[in-house]
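Q: Kindly generate the corresponding structure for this input.
(2 chains)
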Amino acid sequence: MSMPFYVSPEQLMKDRADYARKGIARGRAVVVLAYDGGIAFVAENPSRALHKISEIYDRIAFAAVGKYNEFENLRVAGVRYADLRGYSYDRSDVTARGLANAYAQTLGTIFTQESKPYEVEIVVAQIGETADQDQIYRLMYDGSVADERGFVAMGGGAERITTGLKQGWRPGLDLGAVLRLAVGQLGDDGDAGRELSADQLEVAVLDRHRQRRTFRRVSGGLLEALLSTDDPTHDVPPDDEGPVEPGSPPTAEAPET
Amino acid sequence: MSDDEARLPASYLRPGSSSFNDFLRAERPELVPSARPVPVGERLEAPHGTTIVALQYAGGVLVAGDRRATMGNLIASHSIQKVFLADDWSAVGIAGTAGVAIELVRLFQVELEHYEKIEGAMLSLRGKANRLASMIRGNLGMALQGLAVVPLFAGYDLDDATGRIYSYDVTGGCYEERDYHAVGSGSLFARGALKKLWRPELTTAEAVRTVLEALYDAADDDSATGGPDLGRRIWPTVALLDGEGARMVPDAEIEDLVEQVVAGRREAARR
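A: Residues are numbered from 1 along each chain as shown, chains lettered A, B, ... in the order given. Here you go, the predicted model:
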């Protein structure tokens, strides 16, 4: 007959945290950073169907790394939370702070009570009227929240990328400049350094110049123009509605963890 | 237990429906108009919206409505809005019980946006029309109590670059209409006017002018439809749906066209 081993609560929590951290560090990184006209989200993600970056509400967006099915659940829950709140009160009553709080409580409960913690790290960001009122919340697998200023990197190599962003980022950069900075950091994996092209990237912005729904995906020719130093394009055109997303079913591409 | 109150309920995290209407019905049924019990045998007096007209023109489709709501023999509102943009490519006009109709439109707008966010793609135009039909069908109990809602839905179909019109009956029947259609108490007169004025090759400006003529005729013969209010400067609302997306025609443009319509009628009366 086997004897149940005693495991101290400290050890139990440490094991869970290690488990979650390992899962998160395996995936490719996502960078969220402020620019003069809003907030940009950049991920290395070759899939066109399985997004790491999504719209939540008028001025709020979501980015995540880790296990796809787990952060997808959280994303859907966030959209439901926001739409229900906006419907029963008013659109202006949906805030990133409220959503970040709900996510924190949810992740915290799952971390301590479920058989395994979620292997995810997420960012909830909201643009304000001015850059000073922008909010970026980073949520960890255990439900801890950090209120970030300017930029966040998460996922594999996050520490190295954060160091790079600290050197390169300053307030008031235009969109082209922050995208080049982020893409440079995402491609720089220590020694060789890879050149990431537009079709390997998932990029979106919360654009302060837009009315109502400010979220906009940036891809194709516009993204190439923004990433190029020779091209004068430095922001999303204000009257551009963007391509209508084709309703293609998810392809067989494996969700990247 | 405070953790559990602040956290997102388990049902939010469950994968499945991308319909906001279904989610709301399960989570907060008191917020869904059709899930609310209605007292039996009583008939309420509530404000009613009246005439909505839609017509196809070269390149798209438009939806227009007058601004009057009536309650029995009284005018409940001179400036109610009955035409709404549903999303970037469609619009809906509503006739029937104003309170219920406006609530349904709000729910429909969130429904379309919710689907788009969850699925990462827009519903097809036919899909949107069918979602609206199922919401109207759910309202049948209230319709029997005299709280019917009859919408007119129109949108620009991105698949074949055409504007389409869908009409409904109180049981949720959804019918695609050709050329033009009207609903509400003044619809007979508006349709009669369109029979003579409508042509398939109407330009955008001509189409707006035509729909204003039709609404003028409806207001002329139906007491529940409001004519253009030159004193208070309240004009019909017109939504355009074409390759550039959905948008409302600005009041200033409507004002110019309404003045042309009124001047034309005055000229005709003098002769």
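Q: show me the contacts for the nearest residue to residue B:111 once chain neighbours are set aside.
A: Distance criterion CB to CB, 6 or more residues apart in numbering or on different chains; nearest residue to residue B:111, sequence neighbours excluded, is residue B:20 at 4.8 Å. Just so you know, the C-beta spots here come from the backbone N, C-alpha and C atoms, and that holds for glycine as well. The contact partners of residue B:20, by CB atoms under 8 Å, 6 or more residues apart in numbering or on different chains, come to A:80, A:83-84, A:87, B:107, B:110-111, B:114-115.
Q: And residue B:221, by the same measure?
A: Per CB under 8 Å, 6+ apart, neighbours of residue B:221: B:186, B:189.
Q: cool, and residue A:229?
A: residue A:180.
Q: Residue A:165 reaches residue A:154, doesn't it?
A: No - with contact defined as CB atoms under 8 Å, residue A:165 does not reach residue A:154; the gap is 11.7 Å.
Q: Looking at the two, which has the bigger crowd around it?
A: residue A:154 (26 against 20; other CB atoms under 10 Å in any protein chain shown).
Q: Could you give the bridge partners of the more buried one?
A: Residue A:154 has these beta-bridge partners by DSSP bridges: residue A:30.
Q: Show me where chain A has its helices.
A: For chain A, the helices defined by DSSP state H occupy A:9-26, A:68-88, A:96-113, A:158-168, A:175-187, A:220-227.
Q: give the contact list for residue B:172.
A: So residue B:172 contacts B:133-134, B:136-140 (CB under 8 Å, 6+ apart).
Q: so how far is residue A:77 from the residue in the stretch 51-200 of chain B positioned nearest to chain A?
A: Closest contact between the stretch 51-200 of chain B and chain A, by CB to the nearest CB, is at residue B:121 (3.7 Å). Distance of residue B:121 to residue A:77, computed by CB to CB, to the nearest Å: 20 Å.
Q: Neighbour count for those two, which is higher?
A: Using other CB under 10 Å as the criterion, residue B:121 and residue A:77 rank with residue A:77 on top: 23 against 15.
Q: Nearest residue to residue A:72 in space, ignoring adjacent ones along the chain?
A: residue B:15 (7.7 Å).
Q: cool, residue A:36 as well?
A: Nearest non-adjacent residue to residue A:36 (CB to CB, 6+ apart): residue A:172, at 5.2 Å.
Q: Can you verify my assumption that that neighbour contacts residue A:34?
A: No - applying CB under 8 Å, one finds residue A:172 not in contact with residue A:34, separated by 9.2 Å.
Q: Quick check: neighbours shared by the two?
A: residue A:131.
Q: Compare these two and say which one has the larger neighbour count.
A: A direct count of neighbours by other CB under 10 Å for residue A:172 and residue A:34 places residue A:34 higher, at 24 against 9.
Q: beta partners for the more buried one?
A: residue A:39.
Q: and it, what is it in contact with?
A: Counting by CB under 8 Å, 6+ apart, residue A:34 has contacts A:40, A:131, A:134, A:136, A:150-151, A:171, A:178.
Q: Quick check: residues of chain B near chain A?
A: B:3-4, B:6-8, B:12-13, B:15, B:20, B:23-24, B:27-28, B:31, B:88, B:106-107, B:110, B:113-114, B:117-122, B:124, B:158, B:245 (CB under 8 Å from any CB of the partner chain).
Q: Now, those that are in helices?
A: Checking these against DSSP H, those in helices are B:3-4, B:6, B:12-13, B:20, B:23-24, B:27, B:106-107, B:110, B:113-114, B:117-119.
Q: Can you pull up the most central residue in the chain?
A: This is for chain A. residue A:63 (2.0 Å; CA atoms, centre = their mean).
Q: ah, I was thinking of chain B
A: The centroid of chain B falls nearest to residue B:93 when counting by CA atoms, centre = their mean (1.2 Å).
Q: My guess is that one contacts residue B:65. True?
A: Yes - in this structure residue B:93 lies within contact range of residue B:65 using CB under 8 Å: 4.8 Å.
Q: shared neighbours, the two?
A: In contact with both residue B:93 and residue B:65: B:52-53, B:82-83, using CB under 8 Å, 6+ apart.
Q: Using JSON lines, please lay out the residues you listed together with pLDDT, neighbour count and secondary structure.
A: Listed next are these as JSON lines, based on pLDDT from 0 to 100; neighbours: other CB atoms under 10 Å in any protein chain shown; DSSP: H, G, I helix; E, B strand; the rest coil:
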{"residue": "B:52", "pLDDT": "96", "neighbour count": "31", "secondary structure": "strand"}
{"residue": "B:53", "pLDDT": "96", "neighbour count": "32", "secondary structure": "strand"}
{"residue": "B:82", "pLDDT": "94", "neighbour count": "30", "secondary structure": "coil"}
{"residue": "B:83", "pLDDT": "96", "neighbour count": "26", "secondary structure": "strand"}
